[in-house]
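Asker: need a 3D model of the following:
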Amino acid sequence: MKQYQNHINIDPNIMLGKPVIKGTRISVELIVRKIGEGALTQDLLDAYPNITKEDIQAALLYAADNLANEVDVFL
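Answerer: Presented below is the predicted three-dimensional model:
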């Protein structure tokens with residue numbers, strides 16, 4: 001079992017099936033985007049008090065694993 005599976009949920013009835021932090025509507029995409037824009041872990045914890053540091057780490061691991069398995073096709 002992947003380390004992030006206890007933190008990430010995918011449900012077609014929540015955020016159209018986007019991966020989210022369990023028990024929230026905060027998407028993995030949002031976490032990764034905010035960090036990419038320069039947000040620090042503490043910034044995210046302050047802005048979204050329903051998530052934990054472990055949730056943020058899980059979101060990043062989930063995103064990395066998905067990118068590692070992605071196949072790009074260039075035409």
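
Asker: now residue 49, what are its backbone angles?
Answerer: When read as degrees, to the nearest 10, the backbone of residue 49 gives phi -60, psi -10.

Asker: what is the burial count for it?
Answerer: Per other C-beta atoms under 10 Å, the neighbour tally for residue 49 reads 8. Any C-beta I mention is one placed from the backbone N, CA and C, and that applies to glycine too.

Asker: residues touching the residue nearest to the spatial centre of the chain, list them.
Answerer: Residue closest to the mean C-alpha point of the chain, counted by C-alpha atoms, centre = their mean, is residue 28 at 2.1 Å. Residues counted as contacts of residue 28 (C-beta atoms under 8 Å, 6 or more residues apart in numbering) are 8, 18, 19, 20, 21, 59, 62, 63.

Asker: so how far is residue 15 from the last one?
Answerer: Between residue 63 and residue 15 the distance, using C-beta to C-beta, to the nearest Å, works out to 15 Å.

Asker: ok, and for stretch 5-19, which residues are buried?
Answerer: For stretch 5-19, the neighbour count (16 or more other C-beta atoms under 10 Å) marks 7, 8, 9, 14, 15, 19 as buried.

Asker: ok, now stretch 27-35?
Answerer: Neighbour-count burial for stretch 27-35 flags 27, 28, 30, 31, 32, 34, 35 (criterion: 16+ other C-beta under 10 Å).
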